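*Asks:* Build the 3D model from these lines:
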Amino acid sequence: MLPRGSPGSHTHPLKRLSAVSAVWRPVSSIPELLGPNGPLAEALPGFRPRREQLKMAEAVAETLDLKGALVVEAGTGTGKTFAYLVPALFSGRHVIVSTGTRTLQDQLFHRDLPLVGEALGRPVRVALLKGRANYLCRHRLALAVSAPDLPGVERTRSRSLARIERWSRTTDSGDISELESVPDNDPAWLAATSTRENCLGQDCPDFRGCHVVKARREAQAADLVIVNHHLLLADMALREEGFGELLPGTDAVILDEAHQFPEVAAQFFGTRVSARLLLSLARDALAELTRAGLLDAAARALIERLELQVATVQRALEGLGERVDWPALPDAVPEAGAELAEVLGAFAAQFDVPELELPGVRQCGRRAADAAGRLQSILGLDESTGLRWVESGARSFSFEFTPFEVAERLKAQVEARPCAWVYTSATLAVGDDFSHFTRRVGAEKARTLLIPSPFDYEAQSRLFLPRALPDPADRRYTAAIIDTALPLIRAAGGRAFVLFTSYRALSEGARLLKEALTPEDAFPVMVQGEAPRDALLRRFREVGNGVLLGTGSFWEGVDVRGPALSLVVIDKLPFGSPDDPVLKARLEGLKREGRNGFMEYQLPQAVLSLKQGVGRLIRDPEDFGVVMLGDPRLTTRSYGRAFLKSLPPMTVTQEPEEAARFLRHHLRELLVAAP
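*Replies:* Predicted coordinates for the structure are as follows:
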């Protein structure tokens with residue numbers, strides 16, 4: 001296959017004349033590629049042939065050949081990334097790889113694909129495509145820089161905008177991750193990047209130099225494109241104006257971290273209108289009119305009317321709580337929402353007019369019309385289609401809707417595209433049953449494959465199930481978890497994750513642990529929220545004996561290899577919060593179909609979440625450690641067997657001293673072996 005397209009900052013050919021290509025020789029099969037004497041073994045230090053990896057790679061290759069559908073759970077240590085990249089590159093087909101996180105996108109593009117591509121010696125052009133919020137928008141930056149005195153532009157944001165403006169003159173890709181001096185979460189990026197709502201498309205004066213357009217064109221010209229799940233869904237369903245589609249002509253779509261895909265789809269197919277979006281619209285209209293010298297009294301009055309109506313909705317929500325289901329809302333809230341929709345309609349009528357030759361102002365009118373339509377749809381929705389609610393904070397609110405089920409929509413989108421679909425993750429099956437996942441993504445007819453981890457869990461780990469802990473609803477429960485875990489933390493010399501299922505329990509657990517420590521406990525304690533997630537993980541790895549307490553975001557996507565993580569404590573079975581509106585929608589949808597929401601949704605979801613949490617411990621053939629699962633329901637409730645059956649085959653103990661002895665023994669061996 002020859003490379004397609006023109007060079008660009010986010011593409012690179014994976015075949016170059018180098019020392020690697022001098023030793024490369026043609027291979028004719030996947031087993032040869034992944035075998036002990038193949039090009040990967042020769043080119044990659046530490047590469048080990050694995051039966052499990054080969055089994056998955058052959059299944060992926062067959063699926064690509066047949067344009068079929070495959071769902072494969074690959075246990076930790078399988079090497080699933082190479083197991084799908086090798087057949088994808090070897091096939092010579094046009095492939096999209098979709099991930100759940102930007103972190104994995106960057107890892108694939110900057111590390112894994114260059115390694116595999118150089119080893120295989122195949123000339124393939126690869127593109128990395130992120131969501132538009134990851135790219136500089138020259139038009140919006142110019143708008144923000146030219147109007148620094150507009151409301152909402154604080155001095156700190158102005159300094160960041162100055163840095164962004166200097167960087168904008170030299171960047172080729174426009175990828176905001178290049179500018180490390182302005183963090184991704186800096187508010188200035190909101191003014192210097194675009195959204196689907198505020199993008200001017202082909203009417204933009206900077207369209208020819210648009211970084212998003214350039215990235216999309218490079219992706220269309222590439223042989224293998226790396227995207228994320230949200231971007232894939234947008235391409236499947238939205239077909240954004242001004243940008244071509246990726247999927248037509250694609251031979252295969254591979255979804256890594258596929259366990260996240262159903263939840264992303266549920267959010268994607270929902271509807272949302274937020275105060276932040278509307279106030280941003282008002283500021284943008286003010287900026288566009290000011291820049292054009294057309295800000296008259298009538299336009300200013302209309303912008304102020306929108307801001308005032310947003311404030312009216314905010315006042316109507318005061319005292320109602322952070323999340324309120326639609327039936328519990330007082331009449332004043334939907335009434336204020338209906339008036340807000342009317343104001344948005346008037347806003348649209350004023351600014352989206354053909355004779356107005358100002359693309360930025362007209363786009364503000366279109367944004368108002370779109371927001372009005374979405375808000376009216378939420379206000380008038382039939383309760384049989386999904387769940388409605390309102391979220392409210394001190395300075396913000398949002399009207400929300402999520403459908404009861406998205407499987408049929410996903411199924412229709414997939415069936416409309418005759419290409420191969422591969423879904424893979426370390427956590428897709430409950431026991432050996434994939435039906436929970438396949439039903440949620442509309443892939444009931446897909447072939448399923450369960451590949452266990454090659455690690456020796458019986459020898460490398462212990463699963464500690466404490467006796468006599470109180471019921472998880474008991475107010476003393478978190479204290480009992482800390483009391484039970486502390487001897488193990490001491491036996492491990494720190495080196496622990498303590499994972500909670502709620503922020504309340506996290507806060508209480510952190511306080512209790514810090515109070516229980518003595519001067520002899522010479523290990524640092526880190527708590528989620530004290531610093532950004534990546535900074536906490538970096539420090540945890542560097543100190544080597546830390547204790548990190550966290551909740552949701554530390555249950556998955558965290559890879560700490562070696563003895564720095566030798567103990568994982570999990571306080572409760574991770575059942576979803578009963579107040580979560582998405583969970584309510586799923587359960588209500590199942591109830592309407594006469595199905596059992598607990599058995600068909602809550603239990604499988606909790607099992608998969610627990611597998612993710614437990615999976616933090618053993619990440620390498622040399623790793624060892626203990627998982628403590630504190631929830632007594634594992635042994636007292638019949639459904640506890642579903643959890644235990646789905647976990648790796650760890651040696652189970654209920655004796656705390658045995659678990660502590662296991663940790664001390666392995667750490668002692670490690671210290672003796674150290675130089």
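
*Asks:* pLDDT below threshold where in the stretch 301-450 of the chain?
*Replies:* The model of the stretch 301-450 of the chain has pLDDT under 70 over residues 355-356.

*Asks:* try the chain
*Replies:* 1-28, 122, 147-157, 237-245, 355-356, 671-675.

*Asks:* how is it carved up into domains?
*Replies:* The record's domain parsing of the chain by automatic domain parsing lists 1-133+210-269+409-454, 271-403, 457-673.

*Asks:* Save those as TSV, and put in distance to residue 162 and mean neighbour count too.
*Replies:* Heads up, the C-betas are built off the backbone N, CA and C, glycines and all. Output for the domains of the chain, formatted as TSV (distance: least, C-beta to C-beta, whole Å; neighbours: other C-beta atoms under 10 Å):
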stretch	distance to residue 162	mean neighbour count
domain 1-133+210-269+409-454	19	19
domain 271-403	17	17
domain 457-673	23	18
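
*Asks:* JSON lines for those, including distance to residue 186?
*Replies:* What follows is the domains of the chain, written out as JSON lines (distance: least, C-beta to C-beta, whole Å):
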{"stretch": "domain 1-133+210-269+409-454", "distance to residue 186": "12"}
{"stretch": "domain 271-403", "distance to residue 186": "16"}
{"stretch": "domain 457-673", "distance to residue 186": "12"}
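
*Asks:* and residue 158, which of the ones you listed is closest to it?
*Replies:* Shortest distance between residue 158 and the domains of the chain, using C-beta to C-beta, is found for domain 271-403: 14.1 Å.

*Asks:* can you pull out the strands in the stretch 401-550 of the chain?
*Replies:* Secondary structure of the stretch 401-550 of the chain (DSSP state E, counting those that start in this stretch): strands located at 420-425, 447-451, 461-464, 496-499, 525-527, 547-550.

*Asks:* Nearest to residue 605, out of the ones you listed?
*Replies:* Using C-beta to C-beta, the strands of the stretch 401-550 of the chain put strand 420-425 closest to residue 605, at 13.7 Å.

*Asks:* now the angle from the closest one to strand 447-451?
*Replies:* 30 degrees (axes from the mean of the first three to the mean of the last three C-alpha atoms, to 10 degrees).

*Asks:* Report all helices and strands that strand 420-425 contacts.
*Replies:* helix 51-66, strand 69-74, helix 80-91, strand 252-255 (3 or more C-beta pairs under 8 Å, 6 or more residues apart in numbering; DSSP states H and E).

*Asks:* Report the angle between the third one and strand 447-451.
*Replies:* Our comparison of helix 80-91 with strand 447-451, counting by the same axes, to 10 degrees, yields an angle of 130 degrees.

*Asks:* What is helix 80-91 packed up against?
*Replies:* helix 30-33, helix 51-66, strand 69-74, strand 95-99, helix 113-120, strand 252-255, strand 420-425.

*Asks:* just to revisit the earlier point, export the strands of the stretch 401-550 of the chain as JSON lines, with columns for distance to residue 296.
*Replies:* Compiled in JSON lines, the strands of the stretch 401-550 of the chain are given as follows (distance: least, C-beta to C-beta, whole Å):
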{"stretch": "strand 420-425", "distance to residue 296": "54"}
{"stretch": "strand 447-451", "distance to residue 296": "64"}
{"stretch": "strand 461-464", "distance to residue 296": "71"}
{"stretch": "strand 496-499", "distance to residue 296": "57"}
{"stretch": "strand 525-527", "distance to residue 296": "53"}
{"stretch": "strand 547-550", "distance to residue 296": "53"}
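
*Asks:* circling back: out of the helices and strands packed on strand 420-425, which is closest to residue 141?
*Replies:* For those, proximity to residue 141 was assessed by C-beta to C-beta; strand 252-255 is nearest, at 33.6 Å.

*Asks:* partner strands of that closest one, parallel or antiparallel?
*Replies:* strand 95-99 (parallel), strand 420-425 (parallel) (DSSP bridges).

*Asks:* Could you look up the next helix or strand downstream of that strand?
*Replies:* The helix or strand immediately downstream of strand 252-255 is helix 261-268, counting by DSSP states H and E.

*Asks:* Alpha carbons of that next one, as PDB, please.
*Replies:* Coordinates of each C-alpha in helix 261-268 appear next as PDB, following Å, rounded to 0.1, in the frame of the first residue of the first chain:
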ATOM      1  CA  PHE A 261     -18.700   3.400  24.600                       C
ATOM      2  CA  PRO A 262     -22.300   2.800  25.700                       C
ATOM      3  CA  GLU A 263     -22.100   5.600  28.400                       C
ATOM      4  CA  VAL A 264     -20.500   8.000  25.900                       C
ATOM      5  CA  ALA A 265     -23.300   7.100  23.400                       C
ATOM      6  CA  ALA A 266     -26.000   7.700  26.100                       C
ATOM      7  CA  GLN A 267     -24.600  11.200  26.700                       C
ATOM      8  CA  PHE A 268     -24.200  11.900  23.000                       C
END
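
*Asks:* Residues touching it, excluding its own?
*Replies:* Around helix 261-268, the neighbours that count as contacts under C-beta atoms under 8 Å, 6 or more residues apart in numbering are 98, 100, 229-230, 233-234, 237, 255, 402-403, 406, 409-410, 423, 437, 440-441, 582, 585-586.

*Asks:* So which of these are in helices?
*Replies:* Per DSSP state H, helices hold the following members of these: 229, 230, 233, 234, 237, 409, 410, 437, 440, 582, 585, 586.

*Asks:* Let me know the distance separating the closest residue to residue 100 other than its chain neighbours from residue 351.
*Replies:* Once flanking residues are discounted, residue 100 sits nearest to residue 257: 3.3 Å by C-beta to C-beta, 6 or more residues apart in numbering. In this view, residue 257 and residue 351 are 41 Å apart by C-beta to C-beta, to the nearest Å.

*Asks:* again with residue 542
*Replies:* For residue 542, the distance to residue 351 - C-beta to C-beta - is 53 Å.

*Asks:* now do residue 595
*Replies:* 48 Å.

*Asks:* Quick one: closest of the strands paired with strand 252-255 to residue 199.
*Replies:* Nearest of these (C-beta to C-beta): strand 95-99, 22.0 Å.

*Asks:* CA-only coordinates of the helix or strand that the closest one is followed by in PDB, if you can.
*Replies:* Once the chain leaves strand 95-99, the next helix or strand it forms, by DSSP H and E, is helix 102-107. Extracted as PDB, the C-alpha positions of helix 102-107 are listed here (Å, rounded to 0.1, in the frame of the first residue of the first chain):
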ATOM      1  CA  ARG A 102      -7.000  11.400  24.800                       C
ATOM      2  CA  THR A 103      -4.200   9.700  26.800                       C
ATOM      3  CA  LEU A 104      -4.600   6.500  24.900                       C
ATOM      4  CA  GLN A 105      -4.900   8.400  21.600                       C
ATOM      5  CA  ASP A 106      -1.600  10.100  22.200                       C
ATOM      6  CA  GLN A 107       0.000   6.800  23.300                       C
END
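
*Asks:* chain center to helix 102-107: distance?
*Replies:* 10 Å (C-alpha atoms, centre = their mean, to the nearest Å).

*Asks:* and if you look at stretch 551-568?
*Replies:* 17 Å.

*Asks:* now the end-to-end length of it.
*Replies:* End-to-end span of stretch 551-568 (C-alpha to C-alpha, to the nearest Å): 12 Å.

*Asks:* cool, and stretch 546-562?
*Replies:* The first-to-last residue distance of stretch 546-562 comes to 13 Å (C-alpha to C-alpha).

*Asks:* and if you look at stretch 178-198?
*Replies:* Start-to-end, stretch 178-198 (C-alpha to C-alpha) is 23 Å.

*Asks:* What are the buried residues along that stretch?
*Replies:* 179, 182, 186, 188-194, 196-198 (16 or more other C-beta atoms under 10 Å).

*Asks:* And the contacts of that stretch?
*Replies:* 132-137, 139-141, 143-144, 153, 157, 160-161, 163-164, 167-168, 171, 176-177, 212, 234, 238, 240, 277, 280-281, 284, 363-364, 367, 370-371.
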